[in-house]
Structures are given as C-alpha cells and as structure tokens.
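Enquirer: sequence below, structure please.
(one chain, ligands or ions: 1)
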Amino acid sequence: MRIDIVSIFPEYLAALDLSLVGKARVAGLLDLRVHDLRDWTTDRHRTVDDTPFGGGAGMVMRPDVWGQAIDELTSTGPAHLVVPTPSGTTFTQRTAEALATEDQLVFACGRYEGIDARVAEHYRAAGHRVSEVSIGDYVLNGGEVASLVMVEAVARLLPGVIGNPESLVEESHGAAGLLEYPVYTKPPVWSGLEVPDVLLSGHHAKIRRWRRDRALEKTAARRPDLIEALEVSTLDKHDRAF
Ligand SMILES: Nc1ccc2ncsc2c1
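Expert: You can find the predicted model right below:
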C-alpha cells in the first residue's frame, strides 16, 4: 500500500518514522510519503489560503493549490482521498479495515477553517473515492493528528506489520467486536493485589472462558452499544447466559 500525507506542517508527521509504522516502511510493507503542500504553490509567499467567500472569521485553504498536489499524487492510479475533518463521518475500526484494502490513500490535512469544499466535490466527480472523516467530537487545530491516528490504525492491519495477527482479533474493537479483557504479568502479587487464579491454572479452556467473560462484562458496562451491535451468531450459549 502507498500512503501520501499532505500538510503545511509535514514535520508533524515525523512520528510515522518511529516504531511499528517506521519499521513497516523500512521493511517495504508500506510506502508512506509525507509532502509539504507549499511545494505546489507558485507565488513567492507560498500562499495556501485566502479569505472565505460569504465572510466570517479565519481563512480557507485554496482549491487550486490542493488540486495541483492531489492531481500529481493520484496520477499513477486509483487513490482514495481521505480528508480529516470534524464534520466528517466517524472513524472506527471498520473504517480502518476498509481503508486497509486500498492500493493508495491520500490524506489531505486541512488547517485554518478547512479546505475549499470544491476539492472533495471535484475528486468525487472525477471518480475517486473521497472520505471526509472525523476522529471524534472535540477541537483540534488541523488534520495532522487525525492522520497520525488513522494511518497507525490502517498500517497495523497490513500483512506482516503486526508480528502476531491473532492479536488483532481480541483487541478492543477487533474482530470479536468487544473491549479487550484485563491483562496481567509478573510479579504475581503487586501492591497487595493478586493475579486472578485462573490465569495461573494452565487450564486453557477456562482461561479462554474467563477472558471472554471479562470482555463481555467490560463491554456491557462501558459500551452497551457494542453489545447491541454484536452478531447473535457470534455468541455461544454461555455468552447468552452471561
Ligand atoms: N477538531 C477536529 C476534530 C476531529 C477531527 N477529525 C479529523 S480532523 C478533526 C478536527
């Protein structure tokens, strides 16, 4: 997969040189390129914004500069344009799973009051998939942090990036559709608190059952909406009695 991220603060994306995503890039599992939007400006001040039509506070990012950038970056084949925005649809694990199937993603990081609406409109009309996506209901200064979140969520789903793909199933919001069970490691007693006996029993069936019960319990308590969304077919008779 190729991922392009365009921003006026490309250094904000330096975290993608590190850890899991950084290793995937070095291993050739992910072709990730970060770009400075100002590289597509033509004036001496490298201007990327202007005042909003209709008035109002702040500045809007110009469609012509974005158009030059996105045209160049999508010139080699079908690309999915992802526009992080607080007014977008909510990003979930399902979104990450869908994006992870694409050949190329182009993240357009907006700043100021956002990107001229004609950019998304133009690329939809040109036949590109365009997703305007929010990572949540709070205030950020731009799309860079959201792009970091989404790129990490997508990259870890790519083949070979996570050492043990089985772990993707039991993570919160993973394939099991539940929040993850509590985890423990050495020492067996810490701060007067003991590890649940079942985890020391070596009885793998009981351990699996205990973990499933704790995941159901935590999900029911914190995210009843996820319980509602569970496919009944994925529940066994013990779950139903739970
Ligand atoms: N303020 C804000 C909130 C959510 C969000 N998601 C993607 S960009 C963005 C910006």
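
Enquirer: where exactly do the helices run in the protein?
Expert: All helices of the chain, identified by DSSP state H, fall at 19-26, 63-73, 93-99, 118-125, 144-155, 167-170, 204-222, 224-229, 237-241.

Enquirer: so who does the nearest residue to Thr74 once chain neighbours are set aside touch?
Expert: Leaving aside its chain neighbours, Thr74 sits nearest to Val106 (6.1 Å; criterion: C-beta to C-beta, 6 or more residues apart in numbering). To be clear about C-beta, it is placed using only N, CA and C from the backbone, and glycine gets the same treatment. Contact analysis of Val106 by C-beta atoms under 8 Å, 6 or more residues apart in numbering lists Ile3, Asp4, Ile5, Val6, Ile70, Leu73, Thr74, Ala79, His80, Leu81, Val82.

Enquirer: as TSV, the helices of the chain with distance to the ligand, mean pLDDT and mean neighbour count would be great.
Expert: Output for these, formatted as TSV (distance: least, C-beta to the nearest ligand atom, whole Å; pLDDT from 0 to 100; neighbours: other C-beta atoms under 10 Å):
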stretch	distance to the ligand	mean pLDDT	mean neighbour count
helix 19-26	18	95	16
helix 63-73	15	98	19
helix 93-99	12	97	16
helix 118-125	14	98	17
helix 144-155	3	98	21
helix 167-170	23	76	13
helix 204-222	22	97	15
helix 224-229	20	92	10
helix 237-241	34	79	10
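
Enquirer: of those helices, which approaches Ile135 most closely?
Expert: Among the helices of the chain, the nearest to Ile135 by C-beta to C-beta is helix 144-155 (4.6 Å).

Enquirer: just want the most central residue of the protein.
Expert: The residue lying closest to the centre of the chain (C-alpha atoms, centre = their mean) is Met150, at 2.1 Å.

Enquirer: just give the closest residue to it, not the sequence neighbours.
Expert: Phe91 is the one closest to Met150 (C-beta to C-beta, 6+ apart), at 6.0 Å.

Enquirer: can you count the residues close to that neighbour?
Expert: Phe91: 21 surrounding residues under other C-beta atoms under 10 Å.

Enquirer: pretty sure it sits against Glu132.
Expert: No - between Phe91 and Glu132 there is no contact, the gap being 10.5 Å when judged by C-beta atoms under 8 Å.

Enquirer: report pLDDT for the nearest residue to Val169 once chain neighbours are set aside.
Expert: Once flanking residues are discounted, Val169 sits nearest to Ala175: 4.5 Å by C-beta to C-beta, 6+ apart. Looking at Ala175, its pLDDT reads 79.

Enquirer: what's the spacing between Ala175 and Thr234?
Expert: From Ala175 across to Thr234, the span is 9 Å (C-beta to C-beta, to the nearest Å).

Enquirer: with Phe107 instead?
Expert: As judged by C-beta to C-beta, Phe107 and Thr234 stand 33 Å apart.

Enquirer: also Ile207?
Expert: Distance of Ile207 to Thr234, computed by C-beta to C-beta: 20 Å.

Enquirer: pull the number of nearby residues for Gly142.
Expert: That count, for Gly142 with other C-beta under 10 Å as the rule, works out to 19.

Enquirer: one more: Leu235?
Expert: Around Leu235 there are 15 residues (other C-beta under 10 Å).

Enquirer: distance of it from Pro188?
Expert: 32 Å.

Enquirer: quick one, what contacts the nearest residue to Val195 once chain neighbours are set aside?
Expert: Using C-beta to C-beta, 6+ apart and skipping residues adjacent in sequence, the residue nearest Val195 is Tyr184, 4.5 Å away. Contact analysis of Tyr184 by C-beta under 8 Å, 6+ apart lists Val195, Pro196, Leu199.

Enquirer: just the closest of the residues you listed to Glu217, please.
Expert: Nearest to Glu217, judged by C-beta to C-beta, of these is Pro196 at 12.7 Å.
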